[in-house]
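Peer 1: Quick check, what structure comes out for this input:
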Amino acid sequence: MEELLHNALNHSAELALLLLFAIVLAESTALIGLIIPGTVLMITMGTLIGSGKMDFWLACGVGFVAALIGDVLSYWLGFRYRRKLHRLQLIRQHRRLLLQARHVLRHHGPIGIFVGRFLGPTRPVLPMVAGMLSMSPQRFMPACILACLLWSPTYFLPGILAGAAYGLGETHATHFPTLLFISAILSIAAIWMISHSLKTNWNSRLLTVGTPITSLASAAAVYLLISHPHADNYGERLWKVIA
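Peer 2: Sure thing, here's the model as predicted:
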């Protein structure tokens, strides 16, 4: 897929954006999105944005429009054909997933629509299930629009961070992209351990020992990252992406 995107970019930026639109639309449409590796594709596109090969704001705009069309189409299909959809073999194969989506919407409503776009395997079917449950457009659309607006930059972000670091520090003793990757992993691990430590009241020996060690390691890695000779160059690259 990355090679396909590079070929599209080499041909024209418009073709690359058209490919982005098609991928996001397919990934956001009910059931089709279950077989599209959306997260991987968005991160891949983020690396192209971070390396300066694709415009950030255009990509976010195209992603927003495609995601919104996919969600609204899924909602309409669920609302219009809710009885017929239950008889489809493809629906029956993912019955458990639909039940999970139904549970999320009945307990959380529009909040489930918003959060569900970013988390969990139910994301490709939530708008369709909202239509099947006859959720009113007044409740569905605001959450859907806000989620689609924030979804593209959020999923681009890991790739942007990686793409902007590409080629930095190759002649330095500490490879900047490697240090960036280590800092990200340690920070995520530290946040996870701290959050679980607060929930479990330090009952786990792994959390008791691992939380302070991971937190210190994360802080040390971030310090080395900030003080790296290429940190300023990295910051300039990221600024160019959004500017």
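Peer 1: what residue ranges in this protein are flagged as low confidence?
Peer 2: Filtered on pLDDT under 70, the chain yields the residue ranges 1-12, 37, 86, 89-90, 92, 120, 169-174, 196, 198-207.
Peer 1: One more pass at 50, please.
Peer 2: Across the chain, nothing is flagged by pLDDT under 50.
Peer 1: domain assignment for it?
Peer 2: Domain assignment for the chain, taken from automatic domain parsing, gives 2-162, 167-242.
Peer 1: From Leu15, how far off is Gly163?
Peer 2: 19 Å (CB to CB, to the nearest Å). Every residue, glycine included, has its C-beta placed from N, CA and C.
Peer 1: of the two, who's got more company?
Peer 2: Under the criterion of other CB atoms under 10 Å, the comparison of Gly163 against Leu15 puts Gly163 first, with 26 against 14.
Peer 1: and the lengthiest helix in the chain, how far from the chain's centre?
Peer 2: Criterion DSSP state H: the longest helix present in the chain is helix 137-165. Taking CA atoms, centre = their mean, to the nearest Å, one finds helix 137-165 lying 7 Å from the centre of the chain it belongs to.
Peer 1: same for that helix, what does it pack against?
Peer 2: Applying 3 or more CB pairs under 8 Å, 6 or more residues apart in numbering; DSSP states H and E, we find helix 137-165 packed against helix 38-50, helix 56-80, helix 110-116, helix 126-132, helix 176-200, helix 231-242.
Peer 1: quick one: it to helix 231-242, angle?
Peer 2: Per axes from the mean of the first three to the mean of the last three CA atoms, to 10 degrees, the angle that helix 137-165 makes with helix 231-242 is 140 degrees.
Peer 1: which parts of helix 137-165 are buried?
Peer 2: 140-141, 143-145, 147-149, 151-153, 155-156, 158-165 (16 or more other CB atoms under 10 Å).
Peer 1: thinking again about what came up before, would you mind finding the most buried of the domains of the chain?
Peer 2: domain 2-162 (a mean of 18; mean count of other CB atoms under 10 Å).
Peer 1: so the longest helix of the chain versus helix 176-200, what angle?
Peer 2: Here helix 137-165 points in a direction 140 degrees away from that of helix 176-200 (the same axes, to 10 degrees).
Peer 1: report the angle between the axes of helix 137-165 and helix 56-80?
Peer 2: Angle between the axes of helix 137-165 and helix 56-80 is 150 degrees (criterion: the same axes, to 10 degrees).
Peer 1: Go ahead and flag the most central residue of this protein.
Peer 2: Residue closest to the mean C-alpha point of the chain, counted by CA atoms, centre = their mean, is Tyr155 at 2.9 Å.
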